[in-house]
Each structure stands twice: as structure tokens, then as C-alpha cells.
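[1] Here's my sequence, what's the structure:
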Amino acid sequence: MTNKLEPIERRKRRDPEIKVWDRFVRVHHWLLVLAFATAYLEYKKFPLHPYAGYLISILITARIVWGFVSKGAARFSAFSYRPDEMLAYCRDALAGKASYYYSHNPMGAAMVYALLATLFVTCLLGLLSYSASQQLGPFGALIPDTWEDKLIGAHTLGGHLLAILVACHLGGVIWAAWLHRENYVLAMLTGLRRIPRAIPLPPGAKHPEKPGTAPAFIRTLVVWLNFKRPFVGTLLLMLLIICLLVLPVIHFLVGINKMLPAY
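    Down below sits the predicted model:
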């Protein structure tokens, strides 16, 4: 984990692909993307916004539990770092020689924890404000309506803070793709990451059970996205996911919003 990998060297090698992100983490990640995008971009849609908030609350709770009971890269202990380790990684990253990490690197780990904490607090504020304004939700009429303005203000502030964190997260993924010459978006779709040969296989890591079973054109595409053009591939996948998945799903949900029962 301490090997310094220059970007151009990483791009030329054919490092072995290791199964890192399990199915739960991958499905959870993309559901959370859709839920947050819907809640933030369509915050005026009722009751779509509260339903998206409920889904986010469930996903965050499930991820916290999974961080303690799972094995491998998804476990919180796999990406737990001291502040000095985070600062050291930042210095190395800015110098273009950051170390490789099997799970989240120290900067990525800080972002994960910041997102989880902010999502949790913002969802809680949303549930409380929903009760204060509509007398609905899990808290029902327990929250005084006099709290409504302050709760909504705090919930709105949390949503904007989350948007800033998400923007930083996307920027970090793009930066890491350039720095390490690895397509992290593709890794969150397939679960596979390129592990440098100089790094010992971490506990719990394993090769794909059935390597090479995908059609030839899929394998060729993956090689182009992850080995030949990882940085461009990252940008391309981000654009395709936004245009072909996130926006169409939000458009569909907005279309059925009036059909959703209030709760």
C-alpha cells in the first residue's frame, strides 16, 4: 500500500482486476445517486421529495449497518485513517505520487464519512420539518408547528451542503482517475478494480469467479474504458449515467408524482 505509482506507468501496465466492491455496495451507491438527485432537483414536488427522503434514510441506515457487518473493502475498518494519514495523502496526491489503496483512499474515506453524516442529519431534519409542516411522517403530530420555519431552513441548508459535497466527490473521482489512471465509475458498476502487482492481495479480496465470460465487444470496451483511456472513460461514463439514467428516471418520477399518496 505504500508503493508510489506514476500515472504513465499505471496506464501502460495490465494490472490484474480484483473483485473489490460487493453487489450491495454497488446497488446501494446507484440507488442513493438516484434518490438524492430526485430529492434535491425536485424539492418542490410533493410527495415525491418526502418519498425520496425516506429512501435515502433507509439506504443510509443499511449502509451504516453494512459497514460493520460486511467484509472486505466495504467495511468501515478497511478505510479508517488518522488525520495525519489524510494530510500525508493530500500532500502526495498534490505532488502526483499518491499511494494506492485497495479500499477508499484517505481523502475518499473522509468524503464517505462526511456524506453519510450529512445525509443522516439532513434526512432527520427533513422528517422533523415534514411533521411540523404537514403533521405527517413517522413523527406525526409530535413536532410543534412553531418549529416549522427553523427546521425547514436547517433542512434546506443541509441539502445545499450535500450538493457541495457531491460536487466535490465527483471532482475527486475525476481527479483520481487522472492521477491513478483508473476508471472508478466503471469499478462501481462492475465491482472490479485494478490492483497493482506490487501490492499484496488484501484479506477478503478475490479474482472474479468467471473471468472472461463477457462478450468480446464488452471486454474490448472495458479495456478501452479502464486501461487505454481511463480518464476519458470516466468522463464519458459520468455523462452517459446522467443523461441516460439519472435524468430519465427523475422525469419518470415527476410524471407519476401526482399519483403518489401523501404520507
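
[2] Does the most centrally placed residue in the chain lie in a helix or a strand, and which?
    Geometric centre of the chain, nearest residue: residue 29, 5.0 Å, by Cα atoms, centre = their mean. Counting by DSSP states H and E, the element that carries residue 29 is helix 23-41.

[3] That helix: which residues count as buried?
    Within helix 23-41, the residues that qualify as buried are 25-26, 28, 32-39, 41, counting by 16 or more other Cβ atoms under 10 Å. Just so you know, the C-beta spots here come from the backbone N, C-alpha and C atoms, and that holds for glycine as well.

[4] cool, and stretch 45-54?
    For stretch 45-54, a neighbour-count test (16+ other Cβ under 10 Å) marks 45, 47-54 as buried.

[5] wait, which of those is closest to residue 81?
    Nearest to residue 81, judged by Cβ to Cβ, of the buried residues of stretch 45-54 is residue 53 at 30.5 Å.

[6] circling back: for whichever helix or strand comes after the helix holding residue 29, what is the average pLDDT?
    Per DSSP H and E, the first helix or strand lying C-terminal to helix 23-41 is helix 48-69. What helix 48-69 shows for mean pLDDT is 95.

[7] what does stretch 145-163 give?
    pLDDT averaged over stretch 145-163 gives 92.

[8] which stretches of the stretch 101-250 of the chain form helices?
    For the stretch 101-250 of the chain, the helices defined by DSSP state H, counting those that start in this stretch occupy 106-134, 148-180, 184-190, 216-223, 230-241, 247-255.

[9] Could you tell me the angle between the fifth one and helix 23-41?
    I take that to be helix 230-241. Computed by axes from the mean of the first three to the mean of the last three Cα atoms, to 10 degrees, the angle separating helix 230-241 from helix 23-41 equals 60 degrees.

[10] can you check the longest one too?
    An angle of 130 degrees separates the directions of helix 148-180 and helix 23-41 when computed by the same axes, to 10 degrees.

[11] what helices or strands is helix 148-180 leaning on?
    In terms of contacts (3 or more Cβ pairs under 8 Å, 6 or more residues apart in numbering; DSSP states H and E), helix 148-180 is packed against helix 7-12, helix 23-41, helix 106-134, helix 184-190, helix 230-241.

[12] just how off-centre is the third one within its chain?
    If you compare the mean C-alpha spot of helix 106-134 with that of the full chain, they lie 14 Å apart, counting by Cα atoms, centre = their mean, to the nearest Å.

[13] okay, now the closest residue to residue 168 other than its chain neighbours: neighbour count?
    Distances taken as Cβ to Cβ, 6 or more residues apart in numbering place residue 111 nearest to residue 168, at 6.8 Å, with adjacent residues excluded. When counting by other Cβ atoms under 10 Å, one arrives at 18 neighbours for residue 111.

[14] Quick check: the gap between residue 111 and residue 247.
    The gap separating residue 111 from residue 247 is 24 Å, by Cβ to Cβ, to the nearest Å.

[15] Which SSE is immediately downstream of the helix or strand of the chain with the lowest mean pLDDT?
    Across the helices and strands of the chain, mean pLDDT, DSSP states H and E gives its lowest value to helix 7-12, namely a mean of 49. Next in sequence after helix 7-12, counting helices and strands by DSSP H and E, comes strand 17-19.

[16] What lies in contact with stretch 60-77?
    20-22, 24-25, 28, 32, 78-79, 102-104, 116, 119-120, 123, 202-205 (Cβ atoms under 8 Å, 6 or more residues apart in numbering).

[17] Just the buried ones from these, in ChimeraX syntax?
    The ChimeraX selection below is limited to those of these classed as buried (16+ other Cβ under 10 Å):
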select :20,21,22,25,28,32,78,79,102,103,104,119,120,123,202,204,205
